[in-house]
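Asks: predicted structure and sequence below. I'll ask about it afterward.
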Amino acid sequence: MSSIADKIQSIKGQIPKTVRLIAVSKTQPIELIQEAYACGQRIFGENKAMEMKEKYEALPKDIHWHFIGHLQTNKVKYIAPFVKLIHSVDSFKILKEINKEALKNNKIISCLLQFHIATEETKFGLSIEEAYEILSSKDFKDMKNVRILGVMGMASFTFDNQIVRDEFKYLAEIFRNIRYDFFLEDIFFREVSMGMSGDYQIAVQEGSTMVRIGSSIFGERNYNKD
């Protein structure tokens, strides 16, 4: 079996240099993250706040930690001091909490708006209408401690690549529309986070700037971890 380093290099060889690889390390032990770190990987994605905090404390401080899961408001305080990017802003409530905790830490926290683009109802994410309501509001315009860098979405879990492609096309369209309507002069609004182990090549073709890959690097997740 090829090593983690080989897998990372293989994936990087399949994506443009302009696309960033987020190594999804959720449920993975420190040792495997250190192995990925040793070969130059610096961006890691986690979906549980307390697990990410523990790993942040145990690992080198030049790691960029990206939060990619559904974030509860009462957990924001644990990651606010160090998180580099929160991919999963799926409500105005969570964005307000992120802004509040960023202010406490005297920093600006970068975020992506997560959109529901899949057929599964269980996936989180904003609708277009909800996003426009947020971005048009005075409350949002008054926020000084969050910076919206772009959008994120997860495609349906299906073997039908055309469905996946259409959903990624839709997210790319959402990105273009929001950029035109709200962020046309904003040089920071440029990220489209889409694509995982099973569909990242399609995502890149449709305009992804960040791919979130876990099992293709680390193997299957350890679902027994608390």
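Replies: Good, I have the coordinates.
Asks: mind checking the SS state of the spatially most central residue of the chain?
Replies: Relative to the mean C-alpha position of the chain, the nearest C-alpha, by C-alpha atoms, centre = their mean, is the one of His87, at 3.3 Å. State at His87, reduced to three classes by DSSP: H, G, I helix; E, B strand; the rest coil: strand.
Asks: wait, it touches Phe67, no?
Replies: Yes: look at His87 against Phe67 with C-beta atoms under 8 Å: they come within range, at 6.6 Å. Quick note: C-beta positions are derived from backbone N, CA and C, even for glycine.
Asks: list the buried residues in stretch 148-164.
Replies: Neighbour-count burial for stretch 148-164, counted by 16 or more other C-beta atoms under 10 Å, picks out 148-155, 164.
Asks: pull that stretch out as PDB, backbone CA atoms only.
Replies: Once non-C-alpha atoms are left out, stretch 148-164 reads as follows in PDB (Å, rounded to 0.1, in the frame of the first residue of the first chain):
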ATOM      1  CA  ILE A 148     -16.500  35.900   3.700                       C
ATOM      2  CA  LEU A 149     -14.100  34.300   1.200                       C
ATOM      3  CA  GLY A 150     -16.500  32.300  -0.900                       C
ATOM      4  CA  VAL A 151     -18.800  29.300  -0.900                       C
ATOM      5  CA  MET A 152     -18.800  25.700   0.000                       C
ATOM      6  CA  GLY A 153     -21.000  22.700  -0.900                       C
ATOM      7  CA  MET A 154     -21.300  18.900  -0.900                       C
ATOM      8  CA  ALA A 155     -22.600  17.000  -3.800                       C
ATOM      9  CA  SER A 156     -25.100  14.100  -3.500                       C
ATOM     10  CA  PHE A 157     -23.700  10.700  -2.600                       C
ATOM     11  CA  THR A 158     -24.400   9.000  -5.900                       C
ATOM     12  CA  PHE A 159     -22.600   7.100  -8.700                       C
ATOM     13  CA  ASP A 160     -24.300   9.300 -11.300                       C
ATOM     14  CA  ASN A 161     -21.500  11.700 -12.200                       C
ATOM     15  CA  GLN A 162     -23.800  13.900 -14.200                       C
ATOM     16  CA  ILE A 163     -25.800  14.600 -11.000                       C
ATOM     17  CA  VAL A 164     -22.600  15.500  -9.200                       C
END
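Asks: so which residues make contact with it?
Replies: Contacts to stretch 148-164, defined as C-beta atoms under 8 Å, 6 or more residues apart in numbering, come from residues 68, 85, 87-89, 110-120, 123, 125, 135, 167-168, 171, 174-175, 178, 183, 188-194, 196, 199, 202-203, 209.
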